[in-house]
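Colleague: Below is the structure, and that's it, no one-letter string:
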């Protein structure tokens, strides 16, 4: 019998979390699972909805459930929607520790047989006693909390007292053959115009989290290279001002949101991600899968994908001078860069593949449902 898995996200933008949702859906065995995606009516997730439609996913729009009493009052309506859809699995994807809280609460009240929450990013902040208590209660009742890194799992246990038995680490994955296919993608125009100089690529949402002002400060110290930022976000204006102040208009390209990432990766020389905090970023894994040498911040999450001097190069977060030095090193020492790229690609194949992720996730679903055979009968 085909069972329904209902994915839920309260995102208002399209980023790494939303790409992970699509990757999960694409990896489902449609002979066993029928996916539904519940989302808020947000213009910023248009790409998510377009791609979900392409994957033949049923879409359900539901009003935003904000934190506080306003969101709590909508729990009965959300529960009623779940009762109509009758999922065997409710899988929420969280972009921060408090995301999707009321949706998870509704799934627990509805007694969905398997309730799963994947936390993609830990945000350091002052959590109130009330929020800690609420998260502890949800964590104690749901089937599994999936963390995309060991660091996130540790934080869930330490801050919200989530029992270790409820925690599962399943890394983000990359498996699109476009990133490894030797077909010679035509270079994007912005790169084609600058092929006389090395191209340093960053793919990231233009957000404070990504440490992009540090990247521009480093770019000022590497005059021989062109820097390309692919992505869109709230920090664009600030980055444009900084680029102008540093006199980098001719060497720093803000390319905006693009979906042809394999082409950009194919024709860059290095990939750089100077984030201040992360889960396990998909853009970094994609660069490694494409066989590119990577430079990134030495922070939790990233250090689970990149081992310094083995599968990439790590630098202290927020340190523009160290970042510039690392870029110059890998541009000059091509043998070192090639060795790091080869080892990074091998690690992605063995530890961060879609196959590995999908096997682990299917195991979580199956084990939870086996514990609740009566729930399967009622919600199949």
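Modeller: Sure thing, it's come through. For clarity, every value in this text was computed on a predicted model and none was experimentally measured. Residues are numbered from 1 along each chain as shown.

Colleague: any low-confidence regions in the stretch 251-380 of the chain?
Modeller: Across the stretch 251-380 of the chain, residues meeting the criterion (pLDDT under 70) sit at 374-380.

Colleague: ranges for the helices of it?
Modeller: Using DSSP state H, counting those that start in this stretch, the helices of the stretch 251-380 of the chain run over residues 261-266, 282-289, 320-332, 334-351, 354-370, 373-379.

Colleague: Tell me which residues of the third one come out buried.
Modeller: Within helix 320-332, the residues that qualify as buried by neighbour count (16 or more other Cβ atoms under 10 Å) are 320, 322, 323, 324, 326, 327, 328, 330, 331. In short, each C-beta sits where N, CA and C put it, glycine included.

Colleague: mind putting the helices of the stretch 251-380 of the chain in CSV, distance to residue 228 included?
Modeller: CSV is the format used below for the helices of the stretch 251-380 of the chain (distance: least, Cβ to Cβ, whole Å):
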stretch, distance to residue 228
helix 261-266, 7
helix 282-289, 13
helix 320-332, 13
helix 334-351, 18
helix 354-370, 27
helix 373-379, 48
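
Colleague: among those, which is nearest residue 224?
Modeller: Comparing the helices of the stretch 251-380 of the chain against residue 224 with Cβ to Cβ, the closest turns out to be helix 320-332 (7.4 Å).

Colleague: quick revisit: return the member of the buried residues of helix 320-332 nearest to residue 262.
Modeller: In terms of Cβ to Cβ, no member of the buried residues of helix 320-332 lies closer to residue 262 than residue 330, at 21.1 Å.

Colleague: got the contact list for that closest one?
Modeller: By Cβ atoms under 8 Å, 6 or more residues apart in numbering, residue 330 lies in contact with 270, 293, 295, 313, 336, 337, 340.

Colleague: okay, the buried residues of helix 320-332 in TSV with distance to residue 124 next?
Modeller: Conversion of the buried residues of helix 320-332 to TSV gives the following (distance: Cβ to Cβ, whole Å):
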residue	distance to residue 124
320	22
322	22
323	22
324	27
326	25
327	28
328	32
330	30
331	33
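
Colleague: Give me the buried entries from the contacts of residue 330.
Modeller: With neighbours counted using 16+ other Cβ under 10 Å, the contacts of residue 330 contain these buried positions: 270, 293, 295, 313, 337, 340.

Colleague: Go through those residues and name the one nearest residue 108.
Modeller: Closest approach between these and residue 108, by Cβ to Cβ: residue 295, at 42.6 Å.

Colleague: May I have the beta-bridge partners of the closest one?
Modeller: Residue 295 has the following beta-bridge partners by DSSP bridges: residue 272, residue 313.

Colleague: So it is in contact with residue 312, correct?
Modeller: Yes: here residue 295 lies in contact with residue 312, judged by Cβ atoms under 8 Å, at a distance of 6.7 Å.

Colleague: could you pull out the strands for the stretch 51-200 of the chain?
Modeller: 58-61, 89-94, 114-119, 144-147, 167-169, 199-203 (DSSP state E, counting those that start in this stretch).

Colleague: Dump the ones you listed into a markdown table; add mean pLDDT and distance to residue 281 as well.
Modeller: Formatted as a markdown table, these follow (pLDDT from 0 to 100; distance: least, Cβ to Cβ, whole Å):
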| stretch | mean pLDDT | distance to residue 281 |
| --- | --- | --- |
| strand 58-61 | 96 | 26 |
| strand 89-94 | 97 | 15 |
| strand 114-119 | 96 | 14 |
| strand 144-147 | 96 | 15 |
| strand 167-169 | 95 | 16 |
| strand 199-203 | 97 | 9 |
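
Colleague: Looking at those strands, spot the one closest to residue 368.
Modeller: Minimum separation from residue 368 across the strands of the stretch 51-200 of the chain (Cβ to Cβ) falls at strand 114-119, 3.7 Å.

Colleague: Could you list the buried residues of stretch 356-365?
Modeller: Buried residues in stretch 356-365, counting neighbours by 16+ other Cβ under 10 Å, are found at 356, 357, 358, 361, 364, 365.

Colleague: My error: substitute stretch 112-129 in the last question.
Modeller: 112, 113, 114, 115, 116, 117, 118, 119, 120, 121, 122, 127.

Colleague: In the residues you listed, find the pair that's most separated.
Modeller: Looking at these by Cβ to Cβ, the two members farthest from one another are 113 and 127, with 29.4 Å of separation.

Colleague: And the protein, split by domain according to the record?
Modeller: Listed domain ranges for the chain are 3-173+354-379, 177-351 (source: automatic domain parsing).
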